[in-house]
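>>> give me coordinates for this.
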Amino acid sequence: MANAATMPTQRQILVNVEDVSMLKDIRKAISMLKGVGKITVPRRRKLYSSYELSLRDLDEGRVYKYDSLDDLIKEIENED
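Modelled structure (predicted):
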């Protein structure tokens, strides 16, 4: 049986904000609620260009080689 001391007492609420211009006001309003400790806003992930994604695919081995275009077409047809 779990000890009460090991049970977490904090909970998180995830809020999705569509209008980023309202973010500052929303943070302020939430911080005024009783019991709210820390408010963090995660940074946006970097968006990679298709070229950068292609380089990552090369580095991570997600590349396929075919002897001819016909071989590629046969492989695609077999996936259905």
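>>> and residue 22, how close does it get to residue 39?
14 Å (C-beta to C-beta, to the nearest Å). Every residue, glycine included, has its C-beta placed from N, CA and C.
>>> first-to-last residue distance for stretch 40-58?
In stretch 40-58, first residue to last residue: 35 Å (C-alpha to C-alpha, to the nearest Å).
>>> which positions in the helix or strand bottoming out on mean pLDDT in the chain come out as buried?
Between all helices and strands in the chain, the lowest mean by mean pLDDT, DSSP states H and E belongs to helix 23-31, at a mean of 89. For helix 23-31, a neighbour-count test (16 or more other C-beta atoms under 10 Å) marks nothing as buried.
>>> give the next helix or strand downstream of that helix.
Once the chain leaves helix 23-31, the next helix or strand it forms, by DSSP states H and E, is helix 50-59.
>>> got the contact list for that next one?
48, 63 (C-beta atoms under 8 Å, 6 or more residues apart in numbering).
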